[in-house]
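**Q** sequence unknown, structure follows:
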């Protein structure tokens, strides 16, 4: 297992700069007053393809040799990573295959295709996904880019907190949502190198709290198909992300479904940005734990903005 | 009638800088591809109080002498101006009264109060509004700040395109929605001074096309209570805004209700920002008139983001 270093983050940053947005940091006096803290929202929902995962995917894609790139890239993901890998591959002009369950929303499949990627459907089971994916790789020789358990991806995600640290001096803490742990690992990698006094918090849905339980147990615990409105946070930690989480995270805070939706609506209403449910988990955790953050300067990673505008959590069924 | 000058814009900018956001300019490769042009979205939906009107209102409020300020400010508005005047007055710590029809949405009244303003209700008729407003001013001695037909307000709005011009070099055109014409007048005032080659377009709902008809007729035409989803654009031009519009606007383009909602959804979906219907009118006009904008670098003012998240235009009744 290769553990990426901060040099990899610097190299990633140089490599991906032409293909990503330097996203703005937004603030809200009203939300600060509610939270009793100074919050700096790093808006990766405004990132290319609508999610921070454009960073890691671009780093993986543009780090390939020409010979590797010609065979294309592949992944299995029904979420933002599939979309972002398709985006990055499109920018390099190479093939991208995303294996998705046939039950995934049509909008997600269309979005992958919209960036030029190919969708290969599998049955909605792990065994089918693995079999179909193995076949795709065997046939194409495509390079597998894992959604998070990949040093290239983690180094790419680490560019986000590098930008944030340059945009906002003297942060006391940074908080990001945790699913597989890619963003949190990149944050750990970067901040432990350039701003080791900044505390790193992760925020997780109670209904998918495998990372929090792993953190307390001292070893990885994976849940089987948890259900939460924060659909980007259902996946478990893996060895590489666990490496960073157990070493550098101060705490993992969990929140209820209601708290997530309430925080999401607060972000939409006061900040006028479209954040997906997963992105609202950190703010929900801040509001639930005022004593932890009171008076602090806190970076809050808004991880993505890919939602179905026709099916918002507060719309009636 | 005092016609504001670019010196007033410079003075306004210095005066209001502590109270407003320098809003980001966002871009979308996808929308550019659809439009066949390079679009630079000036995101005043991310402005304080959710609308560009925080600029003009702050300029009016902070330009008052201490004696004037002590008597407070007042306006009649059921839209963003009332909200923004309340915001600015709150920042200065002076009273603000907003006369609103008793039929105005509760959320709008609550929003004015949320910033510390006082709401005085009138009947939903012009005569009642004028009578109630006159009484408010007589009793309090408050300074009337008109939503747009006021040189202080127009000079304040002119700071927006001053920022935009510094953020994006070599624009070919700027397009903004037109209702009363405050934003368009500020844009005319600034750009005619610092970038006279930039063409200025206004965009308007077909169902409230009084500015377009005025423009063609050569004199102000006011409609009586037009109906459009772009609720910020129902008011007519007045003498001061007409002064700027007739001198500096290249054309006023009109769009249908469906085109507005479609453009609004495109902005939400691809740019991940919450733009109110009025803010989508310029993009709708660009998409409807590709020949006018093809290959051009166009600044697009997203004027505000104050929507009722429970009543979006694409939600079923």
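**A** Yep, that arrived. Just so it is clear, the structure is predicted and the values come from calculations on it, not from any experiment.

**Q** kindly report the residues of chain A close to chain B.
**A** Within reach of chain B by Cβ under 8 Å from any Cβ of the partner chain, chain A has these residues: A:24, A:26, A:29, A:45-46, A:48, A:50, A:265, A:268-269, A:271-275, A:305, A:309-310, A:312, A:314-315. From N, CA and C alone the C-beta is placed, and that goes for glycine too.

**Q** how about 6 Å then?
**A** Proximity of chain A to chain B (Cβ under 6 Å from any Cβ of the partner chain) is limited to residues A:24, A:45-46, A:50, A:268, A:272-274, A:305, A:309.

**Q** need the helices for chain A, in chain order.
**A** Secondary structure of chain A (DSSP state H): helices at A:6-16, A:29-35, A:53-62, A:66-70, A:80-92, A:106-114, A:126-140, A:151-167, A:182-194, A:210-217, A:239-248, A:257-266, A:277-288, A:290-293.

**Q** point out the most buried one among those.
**A** helix A:53-62 (a mean of 30; mean count of other Cβ atoms under 10 Å in any protein chain shown).

**Q** now it: average pLDDT?
**A** In this model, helix A:53-62 has a mean pLDDT of 98.

**Q** relative to helix A:151-167, how tilted is it?
**A** 130 degrees (axes from the mean of the first three to the mean of the last three Cα atoms, to 10 degrees).

**Q** and for helix A:53-62, what's in contact with it?
**A** A:12, A:15-16, A:19-20, A:47-48, A:73, A:80-81, A:84-85, A:87-89, A:92, A:145, A:152-153, A:155-157, A:159 (Cβ atoms under 6 Å, 6 or more residues apart in numbering or on different chains).

**Q** of the residues of chain A next to chain B, which is the nearest to residue B:236?
**A** residue A:272 (27.4 Å; Cβ to Cβ).

**Q** run through the residues that contact the closest one.
**A** B:45-46, B:50, B:274, B:305.

**Q** just want the most central residue of chain A.
**A** residue A:183 (5.0 Å; Cα atoms, centre = their mean).

**Q** related to what we said a few turns ago, redo the helices of chain A as a markdown table? Include distance to residue B:129.
**A** Output for the helices of chain A, formatted as a markdown table (distance: least, Cβ to Cβ, whole Å):
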| stretch | distance to residue B:129 |
| --- | --- |
| helix A:6-16 | 55 |
| helix A:29-35 | 29 |
| helix A:53-62 | 50 |
| helix A:66-70 | 66 |
| helix A:80-92 | 49 |
| helix A:106-114 | 45 |
| helix A:126-140 | 63 |
| helix A:151-167 | 45 |
| helix A:182-194 | 51 |
| helix A:210-217 | 56 |
| helix A:239-248 | 59 |
| helix A:257-266 | 32 |
| helix A:277-288 | 39 |
| helix A:290-293 | 43 |
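
**Q** so which of these comes closest to residue B:239?
**A** Across the helices of chain A, closest to residue B:239 is helix A:29-35 (Cβ to Cβ), at 35.6 Å.

**Q** contacts for that closest one?
**A** By Cβ under 6 Å, 6+ apart, helix A:29-35 touches A:38-39, A:270, A:286.

**Q** chain center to it: distance?
**A** Centre-to-centre, helix A:29-35 and its host chain are 25 Å apart (Cα atoms, centre = their mean, to the nearest Å).

**Q** tell me which of the contacts of helix A:29-35 is nearest to chain B?
**A** Set against chain B, the nearest of the contacts of helix A:29-35 by Cβ to the nearest Cβ is residue A:270 (8.2 Å).

**Q** my guess is the residue nearest to the centre of chain A contacts residue A:157. True?
**A** Yes - under the criterion of Cβ atoms under 6 Å, residue A:183 makes contact with residue A:157 at 5.1 Å.

**Q** okay, and the beta partners of the residue lying closest to residue A:178 once chain neighbours are set aside?
**A** If the residues on either side of it in the chain are set aside, residue A:178 comes closest to residue A:202, at 3.8 Å by Cβ to Cβ, 6 or more residues apart in numbering or on different chains. The partner list for residue A:202 in beta bridges (DSSP bridges) reads residue A:176, residue A:252.

**Q** can you list the neighbours in contact with the helix or strand of chain A with the lowest mean pLDDT?
**A** For chain A, counting by mean pLDDT, DSSP states H and E, helix A:106-114 ranks last in confidence among helices and strands (a mean of 90). With contacts defined as Cβ under 6 Å, 6+ apart, helix A:106-114 is touched by A:78, A:82-83, A:86, A:98, A:119, A:308.

**Q** again with stretch A:77-92
**A** Counting by Cβ under 6 Å, 6+ apart, A:19, A:48-49, A:51, A:53-54, A:57-58, A:61, A:73, A:75, A:96, A:98, A:100, A:104, A:108, A:111-112, A:115-117, A:145, A:147, A:232, A:304, A:306 sit against stretch A:77-92.

**Q** what's the answer for stretch A:149-163, then?
**A** By Cβ under 6 Å, 6+ apart, stretch A:149-163 touches A:2, A:4, A:8-9, A:12-13, A:22, A:52, A:55-56, A:59-60, A:63, A:182-183, A:185-187, A:189-191, A:238, A:240.

**Q** how long is stretch A:89-109 end to end?
**A** Distance across stretch A:89-109, first residue to last, is 16 Å (Cα to Cα, to the nearest Å).

**Q** and what of stretch A:252-268?
**A** 24 Å.

**Q** please apply the same query to stretch A:96-115.
**A** End-to-end for stretch A:96-115, by Cα to Cα: 10 Å.

**Q** chain center to it, what's the gap?
**A** The answer for stretch A:96-115 is 18 Å, by Cα atoms, centre = their mean.

**Q** and if you look at stretch A:41-51?
**A** Going by Cα atoms, centre = their mean, where stretch A:41-51 is centred and where its chain is centred differ by 10 Å.

**Q** with stretch A:303-317 instead?
**A** 18 Å.

**Q** how about the nearest residue to the residue in the stretch 151-300 of chain A that chain B sits nearest to, chain neighbours excluded?
**A** Closest approach of the stretch 151-300 of chain A to chain B (Cβ to the nearest Cβ) occurs at residue A:272, with a separation of 3.3 Å. Spatial nearest neighbour of residue A:272, chain neighbours left out: residue B:305 (3.3 Å); criterion: Cβ to Cβ, 6+ apart.

**Q** OK, contacts around the one you found?
**A** A:272, B:45, B:50, B:274-276.
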